Structure formats: structure tokens, C-alpha cells
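1. Build me a model:
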Amino acid sequence: GLNTGTAIVGGVAAGAAVVNSQIQPARSYDKRLSDLTITATDFGDSYAKMDSVKKQLNTAIEASAKYGSKDDAVTAAEIMMSSGAYSRENLATALTTTTKTAFAANADPAAVASTTIALKNFGITVNDMDKAMNALYLGGKMGSFELKDQAKWLPNQLASVGSLGYNNVEGIKRIAAMNQIAMRTAGTTDEAGNNIVNFTDKIASKDFADAIAKNIKPQKGDPTKNGKLDWVNLMKNERGKGVLPVDAFVNLMNRELANNAEYQKLKNQKVDKNNPAAMKANIEGMMKIIEGTNIAKILTDRQARAGALALTKYNDDYQGMVSQMGQNGDAINKDAGWLSQQESSTYQQRINEQMNINYQAYLNVNGVLKTFNTEMGGFMQKHSDLATAAYSAGVVLAGIGALTTVGSVLSRLGGGAAAGGIAGTVASRAGGLM
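-> As a prediction, the model looks like this:
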């Protein structure tokens with residue numbers, strides 16, 4: 001009768017509520033993994049192929065979650081796949097680089113993922129991504145322009161130097177070092193990042209060569225065009241010696257100001273790098289001197305001049321940073337390896353492993369759950385009045401026990417009208433709670 005049906009369906013609903021609470025994390029992960037699979041597959045892929053890709057993506061995520069949480073690994077994978085920069089074939093390697101870098105730097109995996117996208121679009125291959133990220137990581141450790149700042153400013157900076165030969169690991173090292181040195185003449189990381197953008201934008205512009213031809217006299221050995229210094233060919237000559245355009249201009253600027261005694265005095269003045277006020281006063285003095293020279297006619301805005309001055313004043317430090325990046329190519333692996341041995345990390349790994357176990361268990365009962373959901377849904381539609389009462393009772397009963405407890409409680413309540421009356425009361429109270 002109605003009362004017996006209420007008890008049965010109530011017990012099933014209560015049990016289902018408990019089961020659902022256990023499998024919900026796995027179900028949520030499976031939903032995100034399924035959506036990621038849609039992004040990673042092509043229109044013509046068969047269902048079997050999509051299932052295979054889903055398994056492939058899960059393997060990549062579980063492997064990369066060795067560094068940090070599984071949720072962070074999924075988020076990074078979603079960002080990287082949706083960008084179009086990565087494919088299902090090369091995601092695994094880049095994803096591990098991303099999570100490992102974020103883990104070592106205590107940085108936001110989403111921001112690091114965006115950085116790897118910028119590097120990939122810039123021309124850094126997946127196989128070289130470890131080396132490029134290592135340069136950025138070391139740059140952050142050497143100065144106050146941290147990895148999160150690199151993530152914010154790198155896309156604009158890469159865009160401005162795209163035609164200048166920086167689209168390789170050596171170029172990335174120099175950009176990372178430039179950002180750290182720019183902090184010496186800037187008040188904030190945003191100011192430093194912007195100074196480098198303005199400086200490199202200027203060097204890459206069409207007007208730059210014309211400005212140099214008008215304002216700097218060629219010296220013996222310089223390439224010329226119509227009797228004037230030919231910047232384009234000077235850059236080519238310098239690049240043949242391994243000197244990239246930013247460094248080439250810094251060298252040219254130093255040569256142009258070599259006989260300016262006042263400028264050279266400030267340039268060579270030792271300044272305490274832990275004294276921001278002294279550093280600012282020194283650089284402001286150099287800035288005022290430059291404003292009265294032909295350099296100001298080439299670098300027409302203050303931000304570009306600030307970027308150039310930082311590299312001029314602290315060129316030895318800049319070159320030293322680049323050198324250190326070449327000598328410490330395994331810094332991320334070293335730091336991530338040490339961090340992974342700490343208790344907080346082993347605890348996170350235990351959580352990840354439990355999530356993996358739960359997900360595998362979820363996959364094992366997936367077919368049963370789909371059948372149950374379909375058949376239970378059909379039953380509810382046919383018996384809506386009974387289902388409403390049963391669901392309300394089930395919610396309360398789930399709180400005091402799972403399937404076995406439900407059966408025990410209903411048994412103790414007795415059968416017939418008594419059980420039905422009490423079940424109706426519980427349902428009524430449950431309705432009031434919802």
C-alpha cells in the first residue's frame with residue numbers, strides 16, 4: 001500500500017542521499033573532465049575516441065597533481081586547453097611544468113598557466129617550456145618582480161620584442177632579468193613592467209631607426225646608410241655576435257654618453273641597493289642629464305628612458321642574473337622536490353590519492369548509477385504524490401543513518417497504519433524543514 005511504498009522509497013531515497021554525498025566530489029570532477037574532453041576533441045571524433053581522450057586527460061591531471069591540489073591541476077588544464085595553444089597530445093608535459101612551477105613559487109596555477117600560454121604563443125616549444133619557466137622562476141627569486149608579476153606583464157612584453165630575436169630560452173632569460181633590474185628605477189612592479197614595455201616597444205618601432213640616424217653620429221666601423229648610422233644593420237651585426245637589440249642599444253647609449261662627465265659620475269656612483277631613496281635620487285639625477293641629450297630625442301617618453309637607464313646603471317647586475325639563470329637550470333625541480341617532502345605537501349598528496357581512489361570507485365559503479373537515476377526518475381514521475389512524501393522523509397532519515405539504519409528504523413516503527421502515520425508525520429516535519 002501507500003505506507004509500505006513510502007517506507008521503501010523513503011529508504012531508497014535516504015540511501016541515495018548518503019551515496020550521493022560520497023560520490024559528489026567524483027561526480028563534479030567527472031563533469032569538469034567531460035567538459036575538458038569536449039574542448040580537446042574534434043567534431044569528427046567518435047564516442048570511443050572521446051572516451052579515450054577523457055582517460056588520457058585524467059592521467060595527465062593525476063600526474064600533474066603531484067604538485068599541489070587536483071582541483072588546481074584541473075583549473076590549469078582548462079585554461080591551457082581553452083586557449084588553443086595546447087593540444088591533447090602535448091598538454092601533459094606542459095601541465096606538469098605549470099603545476100610544478102606554481103607549487104615551487106607558491107603562485108596561482110591559473111596565472112602560471114596563462115604564462116605558459118604566452119610563452120607557447122611566443123614560440124617557446126613544449127620541450128623548452130621547463131627551461132623558460134625556470135628562467136622566470138629564478139628571476140622572481142633574484143629580485144622583487146615575482147612570478148605573478150611576470151605572468152601579468154610578460155604577454156605585453158613578449159609582444160613588443162617578438163621581432164627582436166627574443167623568442168627563445170636565451171631571450172626569455174634576458175626579459176626576466178630586465179624586469180628585475182627595472183625595479184631598481186621603479187616604485188611598483190606595474191611601473192617596472194610598463195617601463196620595459198615602453199622601452200622595448202620603442203626599439204621595435206619603425207621610427208626608432210630614423211631617430212638614431214638623426215641623433216647619433218656614426219663612428220669608425222659602424223654601418224651607415226646615406227652617411228648616417230644604420231641601426232638596422234648595426235642590430236644585425238650585433239646579433240651575429242650574440243648581442244640582442246636591447247643590449248645593443250644600451251651599449252650604444254653608453255658610448256654616446258661616455259664623454260658626459262656629470263652623467264658618468266652618477267652612473268658610476270655606488271648606491272646602496274637597500275636604500276630606495278638613494279637609488280631614486282641617483283636615477284633622477286641621471287634622468288635629468290639625459291633629458292638634455294640626444295638620447296631624449298630617441299627615447300621620447302619618460303618610461304622608456306627609465307627602462308633604459310635601469311639597464312645602463314645596473315648592467316653588471318643584469319648580465320650577472322642572465323648568467324646565473326644559465327647555471328641554475330634545475331631550480332624549479334630542486335625546490336619543488338624539497339617542498340614535496342614537507343608534511344603539508346604529503347597531506348595534500350594523501351587527499352589527492354583519496355580523490356583518485358574515489359573517482360575510480362565512481363567509474364566502477366557508473367553504469368549502475370546511470371541505470372538507478374533513469375529508473376528512479378521514471379518511478380518518481382509515475383508516483384509524484386508518493387515520491388514527494390518519500391523524498392521528504394528520506395532527507396531526514398538520511399541524517400540519522402544510511403540504508404541499513406533506514407531499514408531498522410522503519411522496522412521498529414511497525415507496519416500498517418502506524419508506520420504510515422508516523423512516516424506521514426516525519427514527511428510533514430521534513431517538509432517544514434525544507
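2. residue ranges with poor pLDDT in this protein?
-> Flagging of the chain using pLDDT under 70 yields the residue ranges 1-21, 368-434.
3. Can you show me the strands along it?
-> 224-225, 228-229 (DSSP state E).
4. Need the residues that contact the first one.
-> Think strand 224-225. By CB atoms under 8 Å, 6 or more residues apart in numbering, the residues outside strand 224-225 that reach it are 213, 218, 230, 233. Yep, even glycine has a C-beta here, placed from its N, CA and C like the rest.
5. Among those residues, which one sits closest to residue 97?
-> residue 233 (38.3 Å; CB to CB).
6. which residue sits closest to that closest one, ignoring its sequence neighbours?
-> residue 223 (3.8 Å; CB to CB, 6 or more residues apart in numbering).
7. quick one: contacts for the one you found?
-> Contacts for residue 223 (CB under 8 Å, 6+ apart) come out as 229, 230, 233, 234, 237.
8. ok, the fourth one touching residue 216?
-> Yep, that's residue 234 we're talking about. No: at 9.9 Å, residue 234 does not count as touching residue 216 under the criterion of CB atoms under 8 Å.
9. list residues touching both of these two?
-> With CB under 8 Å, 6+ apart as the test, residue 234 and residue 216 both reach residue 252.
10. related to what we said a few turns ago, filter the contacts of strand 224-225 down to the buried ones, ChimeraX style.
-> Command for ChimeraX that selects the buried part of these, burial taken from 16 or more other CB atoms under 10 Å:
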select :213,218,230
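11. Sort out for me which of the contacts of strand 224-225 are in helices.
-> 213, 233 (DSSP state H).
12. What lies in contact with stretch 323-332?
-> 100-101, 104, 130-131, 133-135, 137-139, 141-142, 173, 176-177.
13. repeat that with 6 Å
-> Stretch 323-332 is contacted from outside by 100, 101, 104, 134, 135, 137, 138, 173, using CB atoms under 6 Å, 6 or more residues apart in numbering.
14. Give me the subset of these lying in helices.
-> In this view, the contacts of stretch 323-332 that belong to helices under DSSP H are 100, 101, 104, 134, 135, 137, 138, 173.
15. Which PyMOL command selects the buried ones in these?
-> To isolate the buried ones among the ones in helices among the contacts of stretch 323-332 in PyMOL, judged by 16+ other CB under 10 Å, type:
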select buried, resi 100+101+104+134+135+137+138+173
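16. which among the ones in helices among the contacts of stretch 323-332 gets closest to residue 248?
-> The nearest member of the ones in helices among the contacts of stretch 323-332 to residue 248, counting by CB to CB, is residue 173 at 16.5 Å.
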